[in-house]
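Make a model of this:
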Amino acid sequence: MHPKTPLLLLLFFAAGEAAGTSLTATPTKLTQSDQEIKIRWSDLPSPDGLDHVAIYSPPSSSDRDFLGYIFLNGSASWRSGRGELTLPRLPNLRAPYQFRLFRWPAKEYSYHHVDHDGNPLPHGRHRVALSGEVAFAGSAARPEQVHLAFADRADEMRVMFVCADAVKRAVRYGLEKEEEKGWTEVGTEVRTYEQKHMCDAPANDSVGWRHPGFVFDGLMNGLEPGRRYFYKVGSDPGGWSETYSFISRDSEANETIAFLFGDMGTYVPYNTYIRTQDESLSTVKWILRDIEAVGDKPAFISHIGDISYARGYAWVWDHFFSQIEPIAANTPYHVCIGNHEYDWPSQPWKPSWSTYGKDGGGECGIPYSVKFRMPGNSVLPTGNGAPDTRNLYYSFDSGVVHFVYMSTETNFVQGSDQHNFLKADLEKVNRSRTPFVVFQGHRPMYTSSNEARDFAMRQQMIQHLELLLVMYNVTLALWGHVHRYERFCPMKNSQCLNTSSSFIYPGAPVHVVIGMAGQDWQPIWQPRRDHPDVPIFPQPGISMYRGGEFGYTKLVATREKLTLMYVGNHDGQVHDMVEIFSGQTSTEASATEAVNQTKLGSGTSAKLKISPLYLEIGGSVMLALLLGFALGFLLRKKREAAQWTPVKNEES
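Here you go, the predicted model:
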């Protein structure tokens, strides 16, 4: 035997040239309609339960730097040394995919290299086969990840999308579905960020970094209110997107519709370094159903922090935007920043009571700031030469509601730029035009979850923000971060002003935690001093409803009434509801309804005054109507309550 033979054999197997084993992935060219990739292997000797196929993009990635992996034992025939696995359609990462088959002996498990849940990760050592490349057909420059947002003016709509290069792109839009019928074309701005801009690992490491492509930003303007517009994005040389549509904002509309949630995350169809959120698919599915039911009425989506949960693994953002495109390309999609977008050790604002750390995976708010663009111009320098952190705090009107977004991750104490903005914004709300105000941020001011690490944060929020909410008559305060749904009564100084689910606004906001849209890590409820028998933690008196089911909320408001509904993903039905009346009744019928709702509620201090003239004219008729309406209302409520599915009122 030649003296170099052992070395040659070692190199032979290390290079992945295991004799006889084959691995294929089809189709090799993906179109927009391809929904899955078939992975097949054969002639694998002595198969083992930990043998797996790892996923790579670009193909130049080292064996260590995979996107994720799937075990061969997912195929019924794996023990025979051959089999087939199916991957749902993967997002376009602007580079081809490649698949590699590895062995992973159990004796080589290492708890020094683990995933988000502490499970050992493959080490990429024993490669036995690799597939050919799988690429997207046509131009790699075709637009992807299309999503809308409101802009600063009511007659504008922003659209953002991603391409593989920075070559000029445009937006074309018009009222007719056929493009040739008078569509307008506007240009776009383009931005990106680089690996050097990331603040920490894994975002700035080879295992987590993938180039994000180039983010294009176009502004459609001169829109007529409340009309359906059609649009597409791209260019003649690089290709155009499909045609999408949206309903333009109507500042004079007397109805508001919104879908609101936090902490949704992303479905990823393979094992990877972090926990991903399978339930997020159901949230998108049910919201899409509700948007289609809305028809030609304006609506928007509000995602209040912990957006993709990429946590430094760049391609998870691509999965996220591909996942939401069916709703976000046709309905404005609004966000505020959460700890999993921003946290990093040397962030600019880090007070002594802070709980900020490494939840952002080293992203330090940069992908969030470049991939979205919200109204306003709130900016915070990163301090490391990277693009500024944006989309921190802003507001807009939608129909009869004024919506305000804050950043719980940046300075909000009295005297800060953010606090000054919030105060000035709330002071100038036109309550005759927008009788309701909805305030949103990521970390909650009130929760009965046992989130001890955020206790000091909540105390600071109550000290510095609650006075603003009460002083300026905020209707609803919506929060995420805790992966539960929990509705509190109207709160002032930790005291409850009304325990009903239907009432005239009593002078303080209803706080609702809505972080139940996808993340499956569920904290336990906070124990009560008068109930020491753990693990059962009954609701405190200020908590009106709480549940552990995934879902989202739907808001519908008219000038007279705002209704917030909690929809469960397990059945698509409403499981909790609160109705808040403005007192600005415009008709006798709505005034009568408000009176009855107030009588049915408990503890409300608001009174509706009916003129003596009205009572003189219709006293006897009004009494009959009131009695009939009250009876019908009670019967309807009883029927609705009987139809709702009870959802985890206690943890046990």
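
so where's the stretch 101-250 of the chain shaky on pLDDT?
Applying pLDDT under 70 to the stretch 101-250 of the chain flags the ranges 139-140.

Contact partners for the nearest residue to residue 275 once chain neighbours are set aside?
Closest residue to residue 275 apart from its sequence neighbours, by CB to CB, 6 or more residues apart in numbering: residue 116 at 4.7 Å. Quick note: C-beta positions are derived from backbone N, CA and C, even for glycine. By CB atoms under 8 Å, 6 or more residues apart in numbering, the residues touching residue 116 are 273, 274, 275, 311.

how about the last one, secondary structure?
Yep, that's residue 311 we're talking about. Here residue 311 is recorded as coil under DSSP: H, G, I helix; E, B strand; the rest coil.

Kindly indicate whether the residue nearest to residue 275 is helix, strand or coil.
Under three-state DSSP, residue 116 falls in the coil class.

distance of it from residue 310?
12 Å (CB to CB, to the nearest Å).

ok so, going back, need the contacts of residue 116 in TSV (columns: pLDDT, distance to residue 50 and secondary structure).
Listed next are those as TSV, based on pLDDT from 0 to 100; distance: CB to CB, whole Å; DSSP: H, G, I helix; E, B strand; the rest coil:
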residue	pLDDT	distance to residue 50	secondary structure
273	96	17	coil
274	95	20	coil
275	93	20	coil
311	97	25	coil
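
Generate a PyMOL selection restricted to the buried entries among the residues you listed.
Buried residues within the contacts of residue 116, by 16 or more other CB atoms under 10 Å, are selected in PyMOL with:
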select buried, resi 273+274+275+311
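
And the closest residue to residue 214 other than its chain neighbours, how far from residue 95?
Nearest residue to residue 214 in three dimensions, chain neighbours excluded: residue 166, at 4.5 Å (CB to CB, 6+ apart). When distance is defined by CB to CB, residue 166 is 16 Å away from residue 95.

These two: who's more crowded?
The neighbour comparison of residue 166 against residue 95 (other CB atoms under 10 Å) goes to residue 95, with 20 against 14.

who's in contact with the closest residue to the more buried one other than its chain neighbours?
If the residues on either side of it in the chain are set aside, residue 95 comes closest to residue 58, at 3.7 Å by CB to CB, 6+ apart. Residue 58 sits next to 93, 95, 96 when contact means CB under 8 Å, 6+ apart.

could I get those as CSV with pLDDT?
CSV is the format used below for these (pLDDT from 0 to 100):
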residue, pLDDT
93, 94
95, 94
96, 95
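
which among those residues gets closest to residue 464?
Nearest to residue 464 out of the contacts of residue 58 is residue 93 (CB to CB; 42.2 Å).

That closest one: how many residues sit nearby?
For residue 93, the neighbour count with other CB under 10 Å is 21.

so what's it up against?
With CB under 8 Å, 6+ apart, residue 93 has these contacts: 57, 58, 210, 315, 318.

The third one: which element?
In this case it means residue 210. Assigned by DSSP states H and E, residue 210 falls within no helix or strand.

Now it. Nearest residue, chain neighbours left out?
residue 314 (4.3 Å).

repeat for the last one
Taking CB to CB, 6+ apart, and ignoring the residues beside it in sequence, residue 318 has residue 91 as its nearest neighbour in space, at 4.2 Å.

Helix, strand, or coil at that neighbour?
Note that with three-state DSSP, the state of residue 91 is coil.

Same check on residue 25?
Criterion first, three-state DSSP; result for residue 25: strand.

For it, name its beta-bridge partners.
residue 39 (DSSP bridges).

got a list of what it touches?
Residue 25 neighbours (CB under 8 Å, 6+ apart): 37, 38, 39, 40, 97, 98, 99, 131, 132, 134.

for residue 73, same thing?
Contacts for residue 73 (CB under 8 Å, 6+ apart) come out as 49, 51.

which SS class is it?
Relying on three-state DSSP, one would call residue 73 helix.

tell me the SS of residue 257?
Going by three-state DSSP: residue 257 is strand.

Show me what it bridges to in the sheet.
Beta-bridge partners of residue 257, as defined by DSSP bridges: residue 556.

For burial, what's the neighbour tally of it?
Residue 257 has 21 neighbours, counted by other CB under 10 Å.

That one touches residue 301, doesn't it?
No - at 10.4 Å, residue 257 does not count as touching residue 301 under the criterion of CB atoms under 8 Å.

Low-confidence stretches in the protein?
Checking the chain against pLDDT under 70 turns up 1-19, 33-34, 139-140, 355, 523, 527-528, 531-536, 585-652.

before we move on, the earlier item: now that the residue nearest to residue 214 has come up, it's in contact with residue 189, right?
No - judged on CB under 8 Å, residue 166 makes no contact with residue 189 at a distance of 10.5 Å.

Off-centre distance for stretch 48-66?
29 Å (CA atoms, centre = their mean, to the nearest Å).

May I see the buried residues of it?
Going by neighbour count (16+ other CB under 10 Å), the buried part of stretch 48-66 is 48, 50-57, 59, 61, 63, 65-66.

partner residues bridging the nearest residue to residue 67 once chain neighbours are set aside?
Once flanking residues are discounted, residue 67 sits nearest to residue 55: 4.6 Å by CB to CB, 6+ apart. Note on residue 55: beta-bridge partners residue 68, residue 99, judged by DSSP bridges.

does residue 55 really touch residue 63, like I thought?
No - at 11.9 Å, residue 55 does not count as touching residue 63 under the criterion of CB under 8 Å.

Could you dump the contacts of residue 116 into TSV with distance to residue 71 added?
Below are those laid out as TSV (distance: CB to CB, whole Å):
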residue	distance to residue 71
273	16
274	18
275	17
311	23
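
wait, which of the contacts of residue 116 is closest to residue 540?
For the contacts of residue 116, the closest approach to residue 540 (CB to CB) belongs to residue 275, at 29.7 Å.

which phi and psi does residue 432 have?
phi -70, psi -30 (degrees, to the nearest 10).

What of residue 30?
Torsion angles, degrees, to the nearest 10, at residue 30: phi -90, psi 130.

What about the buried residues of stretch 48-66, which are in strands?
Residues from the buried residues of stretch 48-66 lying in strands, with DSSP state E as the criterion: 52, 53, 54, 55, 56.

What separation do you get for the third one and residue 20?
Noted for residue 54: a distance of 20 Å to residue 20, by CB to CB.

from what I can see the residue nearest to residue 210 touches residue 206, true?
No - with contacts counted by CB under 8 Å, residue 314 stays clear of residue 206, the gap being 11.0 Å.

quick one: which of these two has more around it?
Neighbours per residue, other CB under 10 Å: of residue 314 and residue 206, the larger number sits with residue 314, 22 against 13.

and that one, what does it touch?
Residue 314 makes contact with 203, 208, 209, 210, 211, 212, 367 under the criterion CB under 8 Å, 6+ apart.

now residue 68
Contact analysis of residue 68 by CB under 8 Å, 6+ apart lists 54, 55, 268, 270, 271, 272, 273.

Any chance of TSV for those, columns distance to residue 418?
Listed next are those as TSV, based on distance: CB to CB, whole Å:
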residue	distance to residue 418
54	44
55	41
268	33
270	39
271	39
272	34
273	33
